[in-house]
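**Student:** next come a sequence and a model predicted from it.
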Amino acid sequence: MNFIVKFWWTSTGLLTLVILLLGLVVDNLFSNTTLEIIGQRVSDALRAIDNEYRILHDRLNQAASGAASDEDILLLLGNASDEAEFEQDELIEQSVNLMRISRLDAVEITDAQGVVLARAHERGRFGEPSLNDLDNVLNRRQVRVELGEEQVAGRRVRMLKLSAPIVREGELLGAIVLGVEINQLAWNFHEASGADIFLVSRGELLVSTLEDEARARDMMKVISRLEKNTPHFKYRGELYAVGMTPLLSGQSAAAGHAYATISEGPFSQMRSELIIKLLQVGLIGLVGAIVVSVIIGHVWLHRPLKQLADGASRIAAGDLDVRISVDSSDEIGSLAKRINEMTARLRENQERLLTAERLGAWQDIARRMAHEIRNPLTPIQLSAENVLRVHNRLRESGEFQANNPLFEEILHDSIRTILAEVRKIRSLVDEFSRFARLPKPRPVELDLRMAVENAVRAYREPNPMIAFSITAPEEPQTVLADPGQISQVLNNLIKNSIEAMPRGGRIDIRLWTNTDLVPKSPGDGFRVIEVADSGSGMDEQTLARLFTPYFTTKADGHGSGLGLAICKRIVDEHGGIIDLKSRLNIGATVTVQLPFPGWHGVALEDTGANHPA
């Protein structure tokens, strides 16, 4: 046994010595190559920026050339001096199309005096002089490329801008200014290379990936004082690699300059962390030698340690009722006691968590049931208010009669709606009492066109500031679906659109058949319902969370956050697809696709079908 212990100690000591020597070698290698590594990263980042800048520059050139040869734009600019012939809205539309097709962020068109005629990215300033420097563009008919700022959607955006004259048969008609945003350009290469990027024009810092703007400007002052081709500099005690590339404009002068810097600090920290880890491994080796020597010298510790291991394994497997029995008063016995106490506390915590989960589950069911019952109450209320409104209007106008046809028709329609919605509530309550969850779909043959018309009828008169339109084929749009649940989806979508337009707007509902979306079960295609509004829309962050339960964009107390989540569940259980697209301040479009003619209730695969324009 003594031989084994000595051999173990000798082997471990040699291993520890090798690890320490390896740490010294690694430290020396890191010291010699760190500056080379960060210098190469700076060079790679600048090359990538230069390539991307050239791509953007070419895109602007192509867009400007296309605009200068576009007959529609030339014709509109030729009539700019004649108020009777000039069609400014058409010119604005042309600029918007150019910005969309060429993937630009700014388009401005002026007349030959530099007066703004159309802007695609920011409405306004029509009839006013352009804020862009167009002297050489208009007077010398030169193309100007620069880094600058532009007002887009109420915010100042840093852009690469190209200004070019528009000439027809030697006559100067005006100028066009195109721009692409460069903020993201810098951040993309910062994330890819780890380098801090600075974009500078005419000595002014436009874009920096440093979050501290004051630090960025201070660092640029230091860089600007360096001699040309200086590869490194020190800033606040840290060593940085630095490089610069000009952003050419196609002329003798550069539109600006791109700088990239990387600090040696993170690499030094990596070196220190690696050495520390190597030292830790060496220390662990020494500790291991001591532990193994003790185990070899005290084989009688095997049984209590095995009991501890077995008990810990059962605890790890989830058996919190286990208790470790070790007949020992030493450290192992004390450890077994502590583990038993810890297991008892874990058991108590588990019971409390299970109780809380059960309570939370029932609270979730209650909230969902309340939301499901609340939906039918809206058409009931609207129908009753509709009857009362028509009754009061006829009575005030003196046209009320006992058998008034208009009143009779509205009364009967409203009563039918109320009775139908009451039956829905009764069905929901019965289903809840039986299964304590949302009802399963009960599919029957349903004409989606009639379902849409019925849903719109309940909302049209109470909302006179909303213009409704329904576009659908003449033939019935039948599917096998649960009428109550489809009505619930339609009511929720229309109600959301109305609430997004407090000052009025449009809701356009279209129905068509899509045969390009293939289900996993046999079927001829899908019926599509598209609900589009002209409301306030939403940003991408909000859009990504809309189908999350309990997420709502409405004020406190005005939404449970379950409406769209329930709509998605209903559509999913019908084997369909629901999709929502939106742009801020433009509106939102919800598309619901349901399989026909069979009842599928399965997941679907999209083959890349395009919706009709």
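**Tutor:** Done, it's in. Residues are numbered from 1 along each chain as shown.
**Student:** spell out the residue ranges of the helices in the protein.
**Tutor:** Using DSSP state H, the helices of the chain run over residues 2-68, 71-78, 88-101, 135-139, 183-193, 213-224, 265-297, 302-316, 331-397, 405-435, 448-460, 483-499, 540-544, 563-573.
**Student:** where among the ones you listed is average confidence lowest?
**Tutor:** Looking at the helices of the chain, the lowest mean pLDDT belongs to helix 265-297 (a mean of 64).
**Student:** got the contact list for the residue nearest to L46 when sequence neighbours are not counted?
**Tutor:** Once flanking residues are discounted, L46 sits nearest to T245: 4.4 Å by CB to CB, 6 or more residues apart in numbering. In short, each C-beta sits where N, CA and C put it, glycine included. By CB atoms under 8 Å, 6 or more residues apart in numbering, the contact list for T245 reads L46, R47, I49, D50, H257, A258.
**Student:** CSV for these, including neighbour count?
**Tutor:** Shown next, in CSV, are the contacts of T245 (neighbours: other CB atoms under 10 Å):
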residue, neighbour count
L46, 20
R47, 14
I49, 24
D50, 15
H257, 17
A258, 26
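**Student:** pick the one among the residues you listed closest to P476.
**Tutor:** Distance to P476 across the contacts of T245 (CB to CB) is lowest for I49, with 58.8 Å.
**Student:** now do the contacts for the residue nearest to the closest one when sequence neighbours are not counted.
**Tutor:** Leaving aside its sequence neighbours, I49 sits nearest to A258 (CB to CB, 6+ apart; 4.9 Å). Counting by CB under 8 Å, 6+ apart, A258 makes contact with L46, I49, D50, Y53, I197, F198, L199, V200, M244, T245, P246, L247.
**Student:** between these, which is closest to Q477?
**Tutor:** Nearest to Q477 among those, with distances taken as CB to CB, is Y53, at 51.5 Å.
**Student:** wait, that closest one sits on L160?
**Tutor:** Yes. At 7.3 Å, Y53 counts as touching L160 under the criterion of CB atoms under 8 Å.
**Student:** one step back: quickly note the distance from the residue nearest to I49 to L205.
**Tutor:** Counting by CB to CB, to the nearest Å, the gap from A258 to L205 is 12 Å.
**Student:** what touches both of those two?
**Tutor:** The contact sets of A258 and L205 overlap at F198, L199 (CB under 8 Å, 6+ apart).
**Student:** what's the pLDDT at P522?
**Tutor:** Note on P522: pLDDT of 49.
**Student:** same thing with T209?
**Tutor:** On the pLDDT scale, T209 is placed at 88.
**Student:** pairing partners for the residue nearest to L46 in the sheet, please.
**Tutor:** A258 (DSSP bridges).
**Student:** determine which two of the contacts of T245 are furthest apart.
**Tutor:** R47 and H257 (14.6 Å).
**Student:** these two touch, right, L594 and E573?
**Tutor:** No. Counting by CB under 8 Å, L594 stays clear of E573, with 11.0 Å between them.
**Student:** which one's more surrounded, the two?
**Tutor:** L594 (23 against 16; other CB atoms under 10 Å).
**Student:** for that one, list the residues it contacts.
**Tutor:** So, once contact is read as CB under 8 Å, 6+ apart, L594 ends up touching L448, V479, A481, I486, F526, R527, I529, V571, H574, G575, G576.
**Student:** how close does the closest residue to P462 other than its chain neighbours sit to I486?
**Tutor:** Spatially, and ignoring its direct neighbours in sequence, P462 is nearest to L382 (5.6 Å; CB to CB, 6+ apart). L382 sits at a distance of 18 Å from I486 (criterion: CB to CB).
**Student:** the residue nearest to I49 and V143, how far apart?
**Tutor:** 21 Å.
**Student:** with G154 instead?
**Tutor:** According to CB to CB, G154 and V143 sit 29 Å apart.
**Student:** same check on I315?
**Tutor:** For I315, the distance to V143 - CB to CB - is 75 Å.
**Student:** ditto for G66
**Tutor:** As judged by CB to CB, G66 and V143 stand 14 Å apart.
**Student:** what residues sit buried inside stretch 333-347?
**Tutor:** Neighbour counts over stretch 333-347 (16 or more other CB atoms under 10 Å) mark L335, A336, I339, N340, T343 as buried.
**Student:** so what sits against both of Y53 and L160?
**Tutor:** Here Y53 and L160 have L247 as joint contacts, going by CB under 8 Å, 6+ apart.
**Student:** with neighbour numbers in mind, choose between these two.
**Tutor:** L160 (28 against 22).
**Student:** so what sits opposite that one in the bridge?
**Tutor:** Beta-bridge partners recorded for L160 (DSSP bridges): L147, V180.
**Student:** let me know the pLDDT of it.
**Tutor:** 89.
**Student:** isn't it up against R144?
**Tutor:** No. Using CB under 8 Å, L160 is not in contact with R144; the gap is 11.7 Å.
**Student:** circling back: so G154 and V143 - more neighbours on which side?
**Tutor:** Higher neighbour count among G154 and V143: V143, with 16 against 6, using other CB under 10 Å.
**Student:** please name the residues that touch the nearest residue to the more buried one once chain neighbours are set aside.
**Tutor:** Once flanking residues are discounted, V143 sits nearest to A164: 4.8 Å by CB to CB, 6+ apart. A164 makes contact with A64, A68, V137, V143, R144, A175, I176, L178 under the criterion CB under 8 Å, 6+ apart.
**Student:** for A164, give the beta-bridge partners.
**Tutor:** Applying DSSP bridges to A164 gives these bridge partners: I176.
**Student:** ok, it to Q477 distance?
**Tutor:** In this view, A164 and Q477 are 50 Å apart by CB to CB.
**Student:** over to I332?
**Tutor:** I332 is 76 Å from Q477, by CB to CB.
**Student:** which of L382 and I486 has more residues huddled nearby?
**Tutor:** I486 (25 against 22).
**Student:** so what's that one closest to, chain neighbours aside?
**Tutor:** Nearest residue to I486, sequence neighbours excluded (CB to CB, 6+ apart): A451, at 5.6 Å.
**Student:** just checking, that neighbour touches Q488?
**Tutor:** No. Applying CB under 8 Å, one finds A451 not in contact with Q488, separated by 10.7 Å.
**Student:** mind listing what the closest residue to I529 other than its chain neighbours touches?
**Tutor:** Excluding its sequence neighbours, the residue lying closest to I529 (CB to CB, 6+ apart) is V592, at 4.5 Å. Contacts for V592 were tallied using CB under 8 Å, 6+ apart; they are V489, L493, V528, I529, E530, V531, V571, G576, I577, I578.
**Student:** just give the number of residues close to the nearest residue to the last one once chain neighbours are set aside.
**Tutor:** Nearest-residue entry for I578: V571, 4.3 Å, with adjacent residues in sequence omitted and distances by CB to CB, 6+ apart. When neighbours are defined as other CB under 10 Å, V571 has 21 of them.
**Student:** do you know how far V571 is from A420?
**Tutor:** From V571 across to A420, the span is 21 Å (CB to CB).
**Student:** likewise for S65?
**Tutor:** S65 is 62 Å from A420, by CB to CB.
**Student:** neighbour count for these two, which is higher?
**Tutor:** More crowded of S65 and A420, by other CB under 10 Å: A420, with 17 against 11.
**Student:** what's the distance between the more buried one and R426?
**Tutor:** For A420, the distance to R426 equals 11 Å [CB to CB].
**Student:** that'll do, ta.
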